[in-house]
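1. Kindly return the folded structure for what I paste below:
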Amino acid sequence: MTRPRLRLVLLAALAACAVVAITLAPAKVTDAICSLAGAGLRALAEVLVAHGLLVDVAVLAVSALVAHQLVKRVVAFIVARVSGRPADVRMIMKIVKAVIVVVVLLLLVNKFYRIEALLVALGAFTGLFLGWALQQPITGIAAWIFVNVKRPFRIGDRIYLPSLGLVGDVIDVGIFHTVLNQVGGTVGSEEASGRIVLVPNSLFFSSTIINYTYAASEERSYILDEVVVRLSFDSDWDVAERILVRAAEEVTRDIVEETGVRPYVRAELWDYGIIMRLRYYTRAKDRVVIAHEITKRIVKEFQRDDRVDFAIPFIYSFRLGEAMKRVRGARPLAPEPSRAHALPDLSAKPALERGREGEQ
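-> Numbering: from 1, shown residues only. From the prediction side, this is the model:
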């Protein structure tokens, strides 16, 4: 490399360092760096004029601007045809602008130095840098291949990622990201919310995946679900259990025929009642709808039958409890089964009020 060309390369490097320093330097030294950069750029311009390269630089700059505008118009036309948004054009043009700048710089460097030798010199450093920077993308590509070959889930499946606390329906499996339609999130039940979530594929190598619909088809993907009913102690256990099982059988009749498993009840004691858990198989993506229909039938049956009732908490003070005992007299505190769900005696209201006044 001749001495003038070496000087030109050094001035270009000095200008680039000045631009980086202006970006990172504190405000107090920015003016000094700007003046130094201006001097470097003036010297660079003098060298370009001396070697007759100013015309080449101007041609490259104009060509880059024309290419940028042409590509921008083409991209805007294509995005409009596919019903895209203006933001899509801006994002694509950022990549195009970066490519144009790199090409122009390489062409300028090629004027003074063989670009093949430069690429060989930078190859080792570039490979080391890319190996560190592209670790996650390369892992994502490997995970993409794994998902498409092993198929732990498919497009249309509903999956749950415990590490993210995320449930979603798979919309697409890309090279770097898997696209999910979030289930829940904005609502309190397992229904698709329409929020699109991008999950890095590399996460699938180190995270547990729970697939709701791993069966051969979504229509035959069944999971166990339950509806919880809190029953009062004075309710008829057998009647309540029949109501619960019948409601589930009516709603899930086709599922029972397919699986051969009938709904059943599991119960446990509670502070002020009995917890009855109605369990049945349901379609994974219709879980909320089926539970809604079963709950509606149970509530209506309980309202029609006086032998069963829901348990609700009732809190009162000791003095109020004593006043209620005096009002009831010799009657037992717990109502008789035949009157368990009768309307309250309105004639006892004044006496209760007198009991509260006695507390004051």
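2. From one end of stretch 259-278 to the other, what's the distance?
-> 17 Å (Cα to Cα, to the nearest Å).
3. now do stretch 166-185
-> Length of stretch 166-185, first residue to last, Cα to Cα: 8 Å.
4. contact partners of that stretch?
-> When contacts are defined by Cβ atoms under 8 Å, 6 or more residues apart in numbering, stretch 166-185 is touched by residues 137, 140-141, 144, 147-148, 153-161, 190-201, 204, 285. Heads up, the C-betas are built off the backbone N, CA and C, glycines and all.
5. Cross those residues against helices and list the overlap.
-> Among the contacts of stretch 166-185, the ones falling in helices (DSSP state H) are 137, 140-141, 144, 147-148.
6. now, which of these sits nearest Met324?
-> Here the nearest of the ones in helices among the contacts of stretch 166-185 to Met324, counting by Cβ to Cβ, is Val147; it sits at 65.1 Å.
7. any idea how far Thr282 is from the closest one?
-> 27 Å (Cβ to Cβ, to the nearest Å).
8. Pick out whichever of those two has more residues nearby.
-> Each of Val147 and Thr282 has its neighbours counted (other Cβ atoms under 10 Å); Thr282 has more, 23 against 18.
9. Longest helix in this protein, please.
-> Max-length helix for the chain by DSSP H is helix 54-81.
10. Going toward the C-terminus from that one, what's the next helix or strand?
-> Counting by DSSP states H and E, the next helix or strand C-terminal to helix 54-81 is helix 86-110.
11. the strands in this protein, which residues?
-> Counting by DSSP state E, one finds strands in the chain at the ranges 158-161, 166-173, 177-183, 192-200, 210-211, 222-231, 264-270, 273-283.
12. any idea how far Ile141 is from Ser163?
-> For Ser163, the distance to Ile141 - Cβ to Cβ - is 21 Å.
13. which of those two has more neighbours?
-> Ile141 (15 against 10).
14. Skipping adjacent residues, who's closest to that one in space?
-> In space, and not counting its chain neighbours, Ile141 is closest to Ile175: 5.8 Å by Cβ to Cβ, 6 or more residues apart in numbering.
15. so what pLDDT did the one you found get?
-> If you check Ile175, the pLDDT there is 87.
16. and it, how many neighbours?
-> Neighbour tally, Ile175, other Cβ under 10 Å: 11.
17. same question, the one 3 residues further on
-> Residue crowding around Thr178 was assessed by other Cβ under 10 Å; the count is 25.
18. Now do the contacts for the nearest residue to Thr208 once chain neighbours are set aside.
-> Leaving aside its chain neighbours, Thr208 sits nearest to Pro162 (5.4 Å; criterion: Cβ to Cβ, 6+ apart). Residues counted as contacts of Pro162 (Cβ under 8 Å, 6+ apart) are 207-208, 210.
19. want to try TSV for the residues you listed, with distance to Gly185 as columns?
-> Putting those into TSV (distance: Cβ to Cβ, whole Å) gives the following:
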residue	distance to Gly185
Ser207	18
Thr208	20
Ile210	17
